[in-house]
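Enquirer: Pasting the sequence and the predicted model now:
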Amino acid sequence: MANPYAIDTRRLTRRFDDIVAVDGVELRVASGAIFGLLGGNGAGKTTMVKMLTTLLAPTSGSATVAGFDIVSAPHEVRRRIGYVPQMLSADGALTGYENLLLSARLYAVPRAELATRIADALGFMGLNEARNRLVKTYSGGMVRRLELAQSMLHRPAVLFLDEPTIGLDPVARHLVWQRLRDLNARFGMTILLTTHDMEEADHLCGDLAILHAGKLAAHGSPTTLKAALSSRATLDDVFAHYSGTMDQSGRLRDTDQTRRAAQRLE
Amino acid sequence: MHQFALEVFAIGAVEFRKLMRDPTELISRAIQPVLWLAVFGQVLSHARGIETGRAGYLAFMTPGILAQSVLFSAIFYGIAVIWERDLGIVHKLLVSPASRTALVIGKAVSADFRGVAQAILVYIIALVLRVPIRWEIGAIVGVLCIVALGSAIFSTFSLAMACIVKTRERFMGIGQVLTMPLFFASNAIYPLSLMPEWLRRVAKLNPLTYLVDALRGLMVQGEQSVYGLAVDCAVLAVVFAALVLVTVRIYPRLAQ
């Protein structure tokens, strides 16, 4: 655990046939940071997250997450991370409490602490009153907070989120941001999120990386990135500068998935 | 080991709760065995064209129809898993430190609830149609265990197919193509002795044949297992173990 970085990648690369989705990325995320991974559709964000969460093996290069190698010690990595996918993936046919119980069991939360951890997570995310309701009756924002509750049960060192507020209304979005900041402050949890949303990146992230065509195009705090461009630049300008126009390089599948994620909330 | 059992239980418990909450699927699945036994079986039992045991054709086919219901309700299990993949649930499971073997076996246990429900249903139909059932505790428990093993086999097979094809459309196609041959190339509704030689060879490689054979010996009076219960159980257990080994290896593909 000598590595001071929660995430540390060395020339991390992933190919799919002749497409290089992630190309030699060197990324270092300090422990305790809220880190935003930006990029247009098809820039390699999802592939990065899949590799860092051990779902996908790199073609070459290496990475450590929470001090453990994603290839040689994936089980150790999994014990120390949480993951919230882009789709609202809590089980609608179960109650909020039952969803939490499933996560607690799969993450080997000690039996003696199970009840208190679940009660704590429900309270923390403001879901106590809805605990015994079926999740299909929840609003999109509530489902997202339930997923955050699920992912905090085992006190992960690093939390990964894929487009955490996509499709949420502004109030729900701000609530999710607030809870993410709380998680970060209360547990010192390192948070890495992917986003298209510059407001989200500006608001929430202390550090950003912009991926373009699988390569790391820029890296720094929102303020430095903006200042480097011009005195009046917004984060939208920064994004456009490093990754071309949004959606131009997107693959149909990504856009389709994004659309479906948004539709599910309606 | 304790954690492994807890993980299997956690996955199974989810399915059990869902089925209890919304048993519509169990009810719609009841139609097919009723039709096969009350219509097809009633008519064919008067034909006397098929050489079966002393108890008559309906008694012969009852365990076969149970095995068929087990096959049909388990074989489309992969669809649910593909749905879970599209929602990101599979990704969440695979990012957790839970043993992947426990996840796969947990899914098989989930399918068992449906299989056991089918067994209870077929017993009720058999009672109404006055099929000579062996009403002995040992035999009934045996039937339920064999049904659980059969459901586990076909649902794991289905999960493995889902890992390979990954989309619902392709899965539906393959599911349709596989179920009917599995059913007809088995001893479910006619004995192997009536089959041409080539089909008999195929049927002997079909796990459904051993499932039916075991059920036939345990379920009805006047019928017996051709291969012996021990052989049937051994074949089914080996098939299940092999399927689990393969599926655990390819399950992570669903999240890639």
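Expert: Structure's in. What do you need? Numbers count the residues shown, from 1 in each chain, chains lettered A, B, ... in the order given.
Enquirer: C-alpha from now on. contacts and neighbour counts both.
Expert: Fine.
Enquirer: which stretches of chain B aren't confidently modelled?
Expert: B:1, B:48-49, B:51, B:53 (pLDDT under 70).
Enquirer: how about the residues of it near chain A?
Expert: Taking CA under 8 Å from any CA of the partner chain, the part of chain B that reaches chain A is made up of B:3, B:6-7, B:10-11, B:14, B:17-18, B:87-89, B:91-98, B:252, B:255-256.
Enquirer: Mind giving me the PyMOL select for those, buried ones only?
Expert: What follows is the PyMOL syntax selecting those of the residues of chain B next to chain A that are buried according to 16 or more other CA atoms under 10 Å in any protein chain shown:
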select buried, chain B and resi 6+7+10+11+14+87+88+89+91+92+93+94+95+96+97+98+252+255
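Enquirer: Just give the number of residues close to the nearest residue to B:Val122 once chain neighbours are set aside.
Expert: Spatial nearest neighbour of B:Val122, chain neighbours left out: B:Leu66 (6.2 Å); criterion: CA to CA, 6 or more residues apart in numbering or on different chains. B:Leu66: 28 surrounding residues under other CA atoms under 10 Å in any protein chain shown.
Enquirer: just B:Val177 next, same as before
Expert: Applying other CA under 10 Å, we find 11 residues neighbouring B:Val177.
Enquirer: where does the closest residue to A:Thr59 other than its chain neighbours land on pLDDT?
Expert: Distance criterion CA to CA, 6+ apart; nearest residue to A:Thr59, sequence neighbours excluded, is A:Arg14 at 4.7 Å. For A:Arg14, the pLDDT comes out at 96.
Enquirer: Correct me if wrong: A:Arg14 contacts A:Gly44.
Expert: No. A:Arg14 lies out of contact with A:Gly44 (CA atoms under 8 Å); the separation is 9.2 Å.
Enquirer: Overlap of the contact sets of those two?
Expert: Counting by CA atoms under 8 Å, 6 or more residues apart in numbering or on different chains, the common neighbours of A:Arg14 and A:Gly44 are A:21-22.
Enquirer: got the residues of chain A near chain B?
Expert: Counting by CA under 8 Å from any CA, chain A sits next to chain B at A:50, A:53-56, A:75-76, A:78-79, A:82-91, A:93-94, A:98, A:102, A:105-108.
Enquirer: Okay, and which of the residues you listed map to helices?
Expert: Counting by DSSP state H, the part of the residues of chain A next to chain B found in helices is A:50, A:75-76, A:78-79, A:98, A:102, A:105-106.
Enquirer: Flag every buried residue along stretch A:116-132.
Expert: A:117-122, A:124-128, A:130-131.
Enquirer: Tell me which two in the residues you listed are the farthest apart.
Expert: A:Arg117 and A:Ala130 (16.6 Å; CA to CA).
Enquirer: Which elements pack onto the helix or strand the residue nearest to A:Thr59 falls within?
Expert: Following DSSP states H and E, one finds A:Arg14 within strand A:5-16. Counting contacts by 3 or more CA pairs under 8 Å, 6 or more residues apart in numbering or on different chains; DSSP states H and E, strand A:5-16 is packed against strand A:19-25, strand A:28-30, strand A:60-65.
Enquirer: returning to what we had before: any figure for the gap between the residue nearest to B:Val122 and chain A?
Expert: Using CA to the nearest CA, to the nearest Å, one gets 28 Å for the distance from B:Leu66 to chain A.
Enquirer: After the strand or helix carrying that residue, which helix or strand is next?
Expert: Per DSSP H and E, B:Leu66 falls inside helix B:57-75. Elements were assigned by DSSP H and E; along the chain past helix B:57-75, the next helix or strand is helix B:77-87.
Enquirer: How about residues contacting that next one?
Expert: Residues contacting helix B:77-87 (CA under 8 Å, 6+ apart): A:87-89, B:90-91, B:111, B:155, B:158-162, B:166-168, B:171-172, B:254-255.
Enquirer: For the residue of the stretch 101-250 of chain B found nearest chain A, give me its contacts.
Expert: Chain A sits closest to B:Leu103 of the stretch 101-250 of chain B, with a gap of 9.3 Å, by CA to the nearest CA. Listed by CA under 8 Å, 6+ apart, the contact partners of B:Leu103 are B:7-8, B:11, B:93.
Enquirer: which regions of the stretch 101-250 of chain A lie under the pLDDT threshold?
Expert: Low-confidence segments of the stretch 101-250 of chain A, defined by pLDDT under 70: A:244-250.
Enquirer: Helices of the stretch 101-250 of chain A, residue ranges please.
Expert: Secondary structure of the stretch 101-250 of chain A (DSSP state H, counting those that start in this stretch): helices at A:111-124, A:140-152, A:170-187, A:198-204, A:222-229, A:235-243.
Enquirer: now the third one, how far from the chain's geometric center?
Expert: When C-alpha coordinates are averaged (CA atoms, centre = their mean, to the nearest Å), helix A:170-187 and its chain have centres 13 Å apart.
Enquirer: which helices and strands does it pack with?
Expert: helix A:140-152.
Enquirer: Just the C-alphas of the helix it packs on, formatted as CSV.
Expert: Provided in CSV are the C-alpha atoms of helix A:140-152 (Å, rounded to 0.1, in the frame of the first residue of the first chain):
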residue,chain,number,x,y,z
GLY,A,140,-35.0,8.4,-10.7
GLY,A,141,-33.2,10.4,-8.1
MET,A,142,-34.3,8.1,-5.3
VAL,A,143,-33.1,5.0,-7.3
ARG,A,144,-29.7,6.8,-7.8
ARG,A,145,-29.5,7.5,-4.1
LEU,A,146,-30.4,3.9,-3.3
GLU,A,147,-27.5,2.8,-5.5
LEU,A,148,-25.2,5.1,-3.6
ALA,A,149,-26.4,3.6,-0.4
GLN,A,150,-25.7,0.2,-1.8
SER,A,151,-22.2,1.1,-2.8
MET,A,152,-21.3,2.6,0.6
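Enquirer: same for that helix, what does it pack against?
Expert: Counting by 3+ CA pairs under 8 Å, 6+ apart, helix A:140-152 packs on strand A:81-84, helix A:96-106, helix A:111-124, helix A:170-187.
Enquirer: One more pass at 7 Å, please.
Expert: Judged by 3 or more CA pairs under 7 Å, 6 or more residues apart in numbering or on different chains; DSSP states H and E, the packing partners of helix A:140-152 are strand A:81-84, helix A:96-106.
Enquirer: contacting residues around the first one?
Expert: I take that to be strand A:81-84. Residues external to strand A:81-84 that are found in contact with it (CA atoms under 7 Å, 6 or more residues apart in numbering or on different chains): A:147, A:151, A:156-162, B:92, B:95.
Enquirer: make it 6 Å
Expert: Applying CA atoms under 6 Å, 6 or more residues apart in numbering or on different chains, the contact partners of strand A:81-84 are A:151, A:156-161.
Enquirer: swap in the longest one?
Expert: Contacts of helix A:96-106 from elsewhere in the structure, counted by CA under 6 Å, 6+ apart, are A:131, A:135, A:150, B:7, B:10, B:98.
Enquirer: Tell me how far it lies from the chain's centre.
Expert: Distance of helix A:96-106 from the chain centroid (CA atoms, centre = their mean) equals 20 Å.
Enquirer: Next, the angle helix A:111-124 makes with it.
Expert: Helix A:96-106 runs at 140 degrees relative to helix A:111-124, counting by axes from the mean of the first three to the mean of the last three CA atoms, to 10 degrees.
Enquirer: buried stuff in helix A:96-106?
Expert: Buried residues in helix A:96-106, counted by 16+ other CA under 10 Å: A:96-106.
Enquirer: give me every residue that touches B:Phe154.
Expert: Taking CA under 6 Å, 6+ apart, we find B:Phe154 in contact with B:74-75.
Enquirer: what about it, helix or strand, and which?
Expert: Counting by DSSP H and E, B:Phe154 is found in helix B:137-165.
Enquirer: What residues sit buried inside that helix?
Expert: Within helix B:137-165, the residues that count as buried by 16+ other CA under 10 Å are B:139-140, B:142-165.
Enquirer: Can you name every helix or strand that the host helix or strand of B:Leu94 contacts?
Expert: Assessed by DSSP H and E, B:Leu94 sits inside helix B:89-95. The contact analysis (3 or more CA pairs under 6 Å, 6 or more residues apart in numbering or on different chains; DSSP states H and E) places helix B:89-95 against no helix or strand.
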